[in-house]
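Novice: need a structure here:
(one chain, ligands or ions: 2)
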Amino acid sequence: MLQVKHLKKSFGEDLLWNDLTADFAPSTISAIQGKSGEGKTTFLRCLVGLEDYDGGSISLDGQGLKSEDIGLVFQDYQLFPHMTVLENLLLSSKYKKKDMDLMEKKAMSRLEEMDLLDKKDAYPKALSGGQKQRVAIARACMENPKVLCLDEPTSALDDGSKESIKILLRSLADEGMCILIVTHDGPFAKDLSQKIFHIEEGQFTVTRP
Ligand SMILES: Nc1ncnc2c1ncn2[C@@H]1O[C@H](COP(=O)(O)OP(=O)(O)OP(=O)(O)O)[C@@H](O)[C@H]1O
Ligand SMILES: [Mg+2]
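Specialist: Ligands and ions are numbered 1, 2, ... in the order given. Below you'll find the predicted structure:
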């Protein structure tokens, strides 16, 4: 269980939120909504450790959240343009000096799961938006994180690509992942998530689809 308690964040004098409190369970999909500027992206960045917070706590199964426990898919994917799909998936493992034969097998099985095997040697510029999104998800899943966060995953996708992302995210939740999706897309959130969290005046309000 991912637990967020009384999380507080300001930028300089500007208080963004003063009390974000929520539990996110394994094998569930939660949507996070809120007006532009309420701090949804900042919340994900705090979870993954890219941003400091000013108070409160984040824990996973009662312990501090380690970076390998959580993956983030950025809104603009942030794939490395000079690397192939397979190289994008393997970069972090290479950097961490992991067993590369093993990681390559894992990458190939993720690519197969995401229907991308035929794109393994392609460069990002040769991929469609939906394919880039799936590569970014595959990359974030390479270390089997317990928590996967996605920032506006459907903003650049057509309906067909949205459907394939939905199927993919459901299967990752079935594997046991706790998935958090920041999205403006109401129907997408309703269709996919067990809980919807709205950030309003620095707090979460929970509704169910
Ligand atoms: N590094 C930073 N320094 C100062 N202010 C920041 C920084 N990052 C974000 N902010 C401010 O914090 C607020 C929340 O930003 P954030 O990107 O988290 O919003 P958001 O809810 O994701 O919005 P959107 O729906 O438009 O993506 C904004 O007012 C933004 O200007
Ligand atoms: Mg944002």
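Novice: tell me who's in contact with the residue positioned nearest the centre of the chain.
Specialist: What sits nearest the mean C-alpha location of the chain, by C-alpha atoms, centre = their mean, is residue 149, with 2.0 Å. The contact partners of residue 149, by C-beta atoms under 8 Å, 6 or more residues apart in numbering, come to 44, 47, 48, 70, 71, 72, 73, 179, 180, 181, 182. Where you see a C-beta, it was placed from the backbone N, CA and C, and this is true even at glycine.
Novice: what does residue 161 give?
Specialist: With C-beta under 8 Å, 6+ apart, residue 161 has these contacts: 128, 129, 130, 133, 154.
Novice: ok, of these, which come out buried?
Specialist: Those of those that meet the buried threshold are 130, 133, 154, by 16 or more other C-beta atoms under 10 Å.
Novice: which of those lies closest to ligand 1?
Specialist: residue 154 (13.5 Å; C-beta to the nearest ligand atom).
Novice: surely that closest one touches residue 186?
Specialist: No - using C-beta atoms under 8 Å, residue 154 is not in contact with residue 186; the gap is 11.0 Å.
Novice: kindly reformat the contacts of residue 149 as JSON lines containing pLDDT, neighbour count and secondary structure.
Specialist: Listed next are the contacts of residue 149 as JSON lines, based on pLDDT from 0 to 100; neighbours: other C-beta atoms under 10 Å; DSSP: H, G, I helix; E, B strand; the rest coil:
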{"residue": "44", "pLDDT": "97", "neighbour count": "23", "secondary structure": "helix"}
{"residue": "47", "pLDDT": "96", "neighbour count": "23", "secondary structure": "helix"}
{"residue": "48", "pLDDT": "95", "neighbour count": "18", "secondary structure": "helix"}
{"residue": "70", "pLDDT": "96", "neighbour count": "23", "secondary structure": "strand"}
{"residue": "71", "pLDDT": "94", "neighbour count": "23", "secondary structure": "strand"}
{"residue": "72", "pLDDT": "95", "neighbour count": "21", "secondary structure": "strand"}
{"residue": "73", "pLDDT": "95", "neighbour count": "23", "secondary structure": "strand"}
{"residue": "179", "pLDDT": "98", "neighbour count": "23", "secondary structure": "strand"}
{"residue": "180", "pLDDT": "98", "neighbour count": "26", "secondary structure": "strand"}
{"residue": "181", "pLDDT": "97", "neighbour count": "26", "secondary structure": "strand"}
{"residue": "182", "pLDDT": "97", "neighbour count": "22", "secondary structure": "strand"}
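Novice: lovely, talk soon.
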